[in-house]
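> Fold the following for me, if possible:
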Amino acid sequence: MKPIFNIKRISFHILFMAYVGMAAYFIGCRDKEQNETESNEENKEQVVFEIHTSADTVTVNKYLRCYAYLKKSHFKNSGIIVYIANDDEYSLKQNLSNEYDVAMDIFPNLSHDTINQKWIGQYDFDKTAVFGRKFKSVGKDTIRGYILEYQNKELPMDSVFKSEEVKKYYFEKEIYVDSSQN
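Predicted coordinates for the structure are as follows:
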């Protein structure tokens, strides 16, 4: 009696289809990776946020008033929080690798900070946060921090965000601290 299926022939076809499928998958992933890199490089050139200060010079031991505005959101229906390093001994690194080692001040967006809403006119309150910093010594200084954009407009009760629901934007702003008493 002749067998109904030729096992050698079926095995060859299964292996062949598996190789074709894997090749198509890897080529597709490579093209997707290349497109993501190109689009990320394009996004680097675009302005995503703005940092505004009340002045470029501030008197020692006086607060400098600032606000951050997220112009281009990464997430749909998002809000922001601004984190400012307040530790003069340790600087916040640009890659944020030491963000948990540096003392930070936290400033919510204007949807939650209703006191400062009157100072900001035409900006989206969910994408704008007011912050300030006091400087102790005279000379050049730098405000370092980051804007944390979070998905959904509601803050979680425990302030813990899932990594896929946030995007961080590092910034620096140079300030001159003057000793004059006006």
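> And this protein, split by domain according to the record?
With domains defined by automatic domain parsing, the chain comprises 1-46, 49-178.
> Could you give the number of residues near the spatially closest residue to residue 99 that is not a sequence neighbour?
Distances taken as Cβ to Cβ, 6 or more residues apart in numbering place residue 92 nearest to residue 99, at 6.6 Å, with adjacent residues excluded. Heads up, the C-betas are built off the backbone N, CA and C, glycines and all. Residue 92 has 26 neighbours, counted by other Cβ atoms under 10 Å.
> hmm, back to that, okay, the domains of the chain, which one's buried deepest?
domain 49-178 (a mean of 16; mean count of other Cβ atoms under 10 Å).
> pull the CA atoms of stretch 92-101 into PDB?
The C-alpha coordinates for stretch 92-101 follow below in PDB (Å, rounded to 0.1, in the frame of the first residue of the first chain):
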ATOM      1  CA  LEU A  92      21.200  66.700  36.900                       C
ATOM      2  CA  LYS A  93      22.700  64.900  33.900                       C
ATOM      3  CA  GLN A  94      21.300  65.400  30.400                       C
ATOM      4  CA  ASN A  95      20.500  61.700  30.000                       C
ATOM      5  CA  LEU A  96      18.700  61.800  33.400                       C
ATOM      6  CA  SER A  97      20.700  58.800  34.600                       C
ATOM      7  CA  ASN A  98      20.900  60.400  38.100                       C
ATOM      8  CA  GLU A  99      17.400  61.800  38.400                       C
ATOM      9  CA  TYR A 100      16.800  59.800  41.500                       C
ATOM     10  CA  ASP A 101      20.000  61.000  43.200                       C
END
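> What is the distance between that stretch and the centre of its chain?
13 Å (Cα atoms, centre = their mean, to the nearest Å).
> any idea of the mean pLDDT for that stretch?
For stretch 92-101, mean pLDDT rounds to 91.
> can you pull the contacts of residue 166?
By Cβ atoms under 8 Å, 6 or more residues apart in numbering, the contact set of residue 166 is 148, 149, 150, 151.
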